[in-house]
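Enquirer: turn this into a structure:
(4 chains)
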Number of protein chains: 4
Amino acid sequence: MNNTTFKGIIAYPITPFDQNGQVDTPLFKTLTERLIQSGAHGIAPLGSTGVLPYLRDEEKEAVTTAAIAQVNGRVPVLVGVSNLTTERTIYHARFAEKAGATAVMIIPMSYWKLTEDEIFHHYEQVASQLSIPIMAYNNPATGGIDMSPALLKRLLRIPNVTMIKESSGDIQRMHFLRSALGEETAFYNGSNPLALGAFAAGASGWCTAAFNLIPALNQQLYDAVCNNDLATARTVFYQQFELLQFIVAKGLPAAIQAGLKIQGIESGYLRSPLQPLTEADYQQLSEILARVN
Amino acid sequence: MNNTTFKGIIAYPITPFDQNGQVDTPLFKTLTERLIQSGAHGIAPLGSTGVLPYLRDEEKEAVTTAAIAQVNGRVPVLVGVSNLTTERTIYHARFAEKAGATAVMIIPMSYWKLTEDEIFHHYEQVASQLSIPIMAYNNPATGGIDMSPALLKRLLRIPNVTMIKESSGDIQRMHFLRSALGEETAFYNGSNPLALGAFAAGASGWCTAAFNLIPALNQQLYDAVCNNDLATARTVFYQQFELLQFIVAKGLPAAIQAGLKIQGIESGYLRSPLQPLTEADYQQLSEILARVN
Amino acid sequence: MNNTTFKGIIAYPITPFDQNGQVDTPLFKTLTERLIQSGAHGIAPLGSTGVLPYLRDEEKEAVTTAAIAQVNGRVPVLVGVSNLTTERTIYHARFAEKAGATAVMIIPMSYWKLTEDEIFHHYEQVASQLSIPIMAYNNPATGGIDMSPALLKRLLRIPNVTMIKESSGDIQRMHFLRSALGEETAFYNGSNPLALGAFAAGASGWCTAAFNLIPALNQQLYDAVCNNDLATARTVFYQQFELLQFIVAKGLPAAIQAGLKIQGIESGYLRSPLQPLTEADYQQLSEILARVN
Amino acid sequence: MNNTTFKGIIAYPITPFDQNGQVDTPLFKTLTERLIQSGAHGIAPLGSTGVLPYLRDEEKEAVTTAAIAQVNGRVPVLVGVSNLTTERTIYHARFAEKAGATAVMIIPMSYWKLTEDEIFHHYEQVASQLSIPIMAYNNPATGGIDMSPALLKRLLRIPNVTMIKESSGDIQRMHFLRSALGEETAFYNGSNPLALGAFAAGASGWCTAAFNLIPALNQQLYDAVCNNDLATARTVFYQQFELLQFIVAKGLPAAIQAGLKIQGIESGYLRSPLQPLTEADYQQLSEILARVN
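Expert: Model (predicted):
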């Protein structure tokens, strides 16, 4: 592992809505506090789990402010600030910096497929306006762009792009990153079912929404890896594998919202077009949670 | 063909920006007027070519108003109103209706992959708030979702979803649509290099940004099809095929902006992260345009 | 169209087996005769429909000899001679030439993915041992290799590689081929549901097993194209589209064998691991055939 | 891990040819002996590395006999017997059994895409004619079929299908297999760059041709896993990662043949259409081998 601010389990809170479809900031703070109390090593508001792209500018600002206030310096905070245009990305990144974020996470959101030069230029322009570090985030399934390992390597030449989050679901990408970048560069796993493989490959941390539901199991996996105990890591991983698969297959916002409810924790509403889990899926999640806890 | 408002060539204007990155509305009106003067059968502002997702709400409204004012009833106007959230889609669709749009075009934009039920619900909610027709638009490459023919068929049960635009690039989808929906349902081709195949398959119209650059060739293809003259359609199609391939490969906003400039027509600037064509691409486009015109 | 031996409908007979799993040569000759009587413009034994790769060397030779004897010069004969190794491909190609084949069809079968140089070298070595023309055949779904348009263009530089059969199912490949190779080079469509699009694109012929089941409809489509009558071509195409889709989806050998049986024509048995259509599929095919005939 | 005959490193010899393109059996025996001397836990002739599908029946028999004679009971022998037809698969499987093979490996080779029922039936028919165990082998890249985890699970219900080799390159498949099948079922990794992830996931063994070139590094990885020492496993894995990537990217037969030659070991010739590494690739492999050894 290496010498970075973020390591271990970086927990992603959902952004809960009230019945009228407005962001429920008090509930967001309560859910964030739960993550800290459960031992999260970092908090990442406005990720995919936090439905960043479905929020309006003022809502993004409110969530950013609320997260940083609630965390209050106890752990580092990684704020999602991705936007389709460069200008808006800069705007939100600067807002996060001023609000006290430890770092920002940026995925190159795509409508028109961007060239590698366009992506590089986008990051470079944003980085030039910031003093805090940037985590470059690769997730073709949500962002619509699959950044090649070569491009990721190139992005790391920008001084404050210091971390990479890989969510393509391909363990070989992580092998390549570690192999091409050396042990000094931090990479993070964002694909839940790859958690074991990613730690085996040398990931510095695991960016996960699963921590909302099964914090102890997540923590035990990380501890086993830190203890160089592969057998325990494997056992603990398979205990949580079914849940990890489920929440990814069904979409993190709906799956986490349902899972919290099943565990008796208020979790608000989703914003349309996202809909709650179907009854059958809800039932299946109940059974999985009963098995793993 | 069938009895619909939109048929033939539906032309997509770009949304030009000034040097400061602001929408250049006067230039937009000039470019729209050119399309009408060139004989477009319909005008579609705020499409992918018009970089809809990169615009702020007030910019979308200004472009909508400008397009409808400039067209002034001479041809039907199809306004793009897609948005990630249902609430914002309804907002922009209602704005377009009040502004005088003939119909709206909606692609189910994706960050989280939506289920078929979520997509259906999204269209249904929007449609219930509108009196004008909706064109459902399938374009996995930009929207991130590939709507199955079965889902498209289901969407057509919503009363004011009356048209389908297919941009997946797979001619078999159009065969299926025609085969499953019958001759009464209008489908439109949004994949430029498929123009010949789509008309052969029975498409009612061709949604294209190419009309900004080669209106006569586009028109001749449509005329040949209307005249049941396959040999001429084929000849005319191959005359424009190279250009159609190029503009799709390089991205429509940048390619059309450059092509207009090459033809001596002011076309403004792009909004970052989109960048102008590279010099090599610009040169290649110049050569292609010299050949086809 | 252009000046080649093969044009129009090139019919693919199945290779029928007896109850003991041996090739039923007399039945093969009967089925081949039916195709000629139905008006096929060419006969192509040992294609994918003829389960070439599932046959032993002596069986391939028997089928080749039987086909050429039965056709007896009435139409040109195109014999499939593909093999994983270059040495065996040469062997079978030379056998076909000596037996009187008009041309041979070669797909670069793949176990290990071949490089473009390996594929080129393979064709070149085979071609150097032959006097008759070669049709290069691209079908990633069965052959496991997708030859790029650039490679196909390169293969055409080998003197006796004079024809291309495209079965990738992507109409844009045909547009590219015609565009890159000019009108003089013959290309053939091997993807049944693309028949209309391929003829619109300028294909010289249609390589099809559907002719075993619906010869009149196949012929009418070709005639309409020859008559430059797009509207009729479209109508006739949609009449057969459902059947074309079905036989491709279920696999040609099993679907044609079942379709012949449904039409009261003896069609023998399949060779394991290929199995007859399920009962449900058989029933569906019966209904489709009842509709189209 | 579990109680099976095969565990650890199962080494795949190449099948070398002489200058006339004939199998060089004496050299094959020499190369096999090297693998045993290097400490292989099992020997697997006639795998993809051994170019099984490019051999004629009598060549397959000669290689089988030679391998078993050379190994002479020192380690278990796993013989590849896959064939497109069921009848030929049975033939070769029975030959291997009589010759003394410990088990056979079968991939459902595809020309026509087989249904799950056809694949199951194929394995069932072969298994019914054998007394030795079968390893079902999934490798979509070479075999052309991607067997779903559900199908693999179904195959394991056939009494002598007792092992699964996964080469799809997706670590999540292994997680699923272990999760769905329990710890008792042996699965083996056939994707070289996944070696670390697969052992972390609980694979019983690693089927690899890399052992021809870097036996010590392969062995050290396995030892570290057996010692529950993740940190060492990771270090050793990254030492060999570059080579593992290279040999997969370039094709195992050509890459191993070249690698042996670079190390001063006679390795014969390839069979066309397979060609030797290009000079640039050969040079790159030399450099990689210099680095890792």
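Enquirer: from now on I want contacts and neighbour counts done on CA atoms only, so please keep to that.
Expert: Will do.
Enquirer: which bits of the stretch 151-293 of chain A sit near chain B?
Expert: A:251, A:271, A:272, A:273, A:274, A:275 (C-alpha under 8 Å from any C-alpha of the partner chain).
Enquirer: go ahead and report the secondary structure state at the single nearest residue of the stretch 1-150 of chain A relative to chain C.
Expert: Per C-alpha to the nearest C-alpha, residue A:113 is where the stretch 1-150 of chain A lies closest to chain C, at 20.0 Å. Classification of residue A:113 by DSSP: H, G, I helix; E, B strand; the rest coil places it in coil.
Enquirer: so it touches residue A:147, yeah?
Expert: No: judged on C-alpha atoms under 8 Å, residue A:113 makes no contact with residue A:147 at a distance of 11.1 Å.
Enquirer: any weak-confidence spans in chain A?
Expert: For chain A, the stretches with pLDDT under 70 are A:1-4.
Enquirer: strands along that one, start to end?
Expert: Applying DSSP state E to chain A gives strands spanning A:8-11, A:42-43, A:78-80, A:103-106, A:134-138, A:161-166, A:186-189, A:205-208.
Enquirer: tell me which of these approaches residue C:200 most closely.
Expert: strand A:134-138 (41.6 Å; C-alpha to C-alpha).
Enquirer: run through the neighbouring helices and strands of the closest one.
Expert: Contact here means 3 or more C-alpha pairs under 8 Å, 6 or more residues apart in numbering or on different chains; DSSP states H and E; on that basis strand A:134-138 packs against strand A:103-106, strand A:161-166.
Enquirer: which among the residues of the stretch 151-293 of chain A next to chain B count as buried?
Expert: A:251, A:271, A:272, A:273, A:274, A:275 (16 or more other C-alpha atoms under 10 Å in any protein chain shown).
Enquirer: could you pick out the residues of the stretch 51-200 of chain A near chain D for me?
Expert: A:170, A:171, A:172, A:175, A:179, A:193, A:194, A:196, A:197, A:200.
Enquirer: among those residues, who's most crowded?
Expert: Counting neighbours by other C-alpha atoms under 10 Å in any protein chain shown, residue A:197 leads those with 28 neighbours.
Enquirer: quick one: it from chain C, how far?
Expert: 28 Å (C-alpha to the nearest C-alpha, to the nearest Å).
Enquirer: residue contacts, the residue lying closest to that residue once chain neighbours are set aside?
Expert: Using C-alpha to C-alpha, 6 or more residues apart in numbering or on different chains and skipping residues adjacent in sequence, the residue nearest residue A:197 is residue D:197, 5.0 Å away. Under the criterion of C-alpha atoms under 8 Å, 6 or more residues apart in numbering or on different chains, the contact list for residue D:197 reads A:171, A:196, A:197, A:200, A:201, D:171.
Enquirer: what does residue A:142 give?
Expert: Shown in contact with residue A:142 (C-alpha under 8 Å, 6+ apart): A:48, B:110, B:111, B:112, B:113.
Enquirer: make a ChimeraX selection of the buried ones in those residues.
Expert: This is how ChimeraX selects the buried members of the contacts of residue A:142, with burial counted by 16+ other C-alpha under 10 Å:
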select /A:48 /B:110,111,112,113
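Enquirer: and which of the contacts of residue A:142 is nearest residue D:64?
Expert: Distances from residue D:64 to the contacts of residue A:142, taken as C-alpha to C-alpha, are shortest for residue B:113 (50.2 Å).
Enquirer: okay, now the closest residue to the closest one other than its chain neighbours: neighbour count?
Expert: Distance criterion C-alpha to C-alpha, 6+ apart; nearest residue to residue B:113, sequence neighbours excluded, is residue B:145 at 6.9 Å. By other C-alpha under 10 Å, the residues close to residue B:145 number 21.
Enquirer: I'd like to know how far residue B:145 sits from residue A:75.
Expert: Going from residue B:145 to residue A:75 by C-alpha to C-alpha, to the nearest Å gives 37 Å.
Enquirer: again with residue A:210
Expert: Distance of residue A:210 to residue A:75, given as C-alpha to C-alpha: 18 Å.
Enquirer: got it, and residue A:288?
Expert: With distances taken as C-alpha to C-alpha, residue A:288 is found 30 Å from residue A:75.
Enquirer: could you dump the buried ones among the residues of the stretch 151-293 of chain A next to chain B into TSV and include distance to residue D:282?
Expert: Below are those laid out as TSV (distance: C-alpha to C-alpha, whole Å):
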residue	distance to residue D:282
A:251	46
A:271	56
A:272	56
A:273	54
A:274	53
A:275	55
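Enquirer: now stretch A:259-279 - C-alpha only, PDB.
Expert: In PDB, the C-alpha atoms belonging to stretch A:259-279 read as follows (Å, rounded to 0.1, in the frame of the first residue of the first chain):
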ATOM      1  CA  GLY A 259     -31.500  -2.600   2.300                       C
ATOM      2  CA  LEU A 260     -31.500   0.200   4.900                       C
ATOM      3  CA  LYS A 261     -35.300   0.000   5.100                       C
ATOM      4  CA  ILE A 262     -35.100  -3.800   5.600                       C
ATOM      5  CA  GLN A 263     -32.700  -3.200   8.400                       C
ATOM      6  CA  GLY A 264     -35.100  -0.800  10.000                       C
ATOM      7  CA  ILE A 265     -33.300   2.400   9.100                       C
ATOM      8  CA  GLU A 266     -35.200   5.300   7.500                       C
ATOM      9  CA  SER A 267     -33.900   5.800   4.000                       C
ATOM     10  CA  GLY A 268     -36.300   8.100   2.200                       C
ATOM     11  CA  TYR A 269     -37.400   8.000  -1.400                       C
ATOM     12  CA  LEU A 270     -35.700   7.800  -4.900                       C
ATOM     13  CA  ARG A 271     -36.000  10.400  -7.600                       C
ATOM     14  CA  SER A 272     -37.700   9.400 -10.800                       C
ATOM     15  CA  PRO A 273     -36.900   7.800 -13.300                       C
ATOM     16  CA  LEU A 274     -35.300   5.600 -10.600                       C
ATOM     17  CA  GLN A 275     -37.900   3.400  -9.000                       C
ATOM     18  CA  PRO A 276     -37.800   1.300  -5.800                       C
ATOM     19  CA  LEU A 277     -36.900  -2.400  -6.000                       C
ATOM     20  CA  THR A 278     -39.700  -4.600  -7.200                       C
ATOM     21  CA  GLU A 279     -41.300  -6.700  -4.500                       C
END
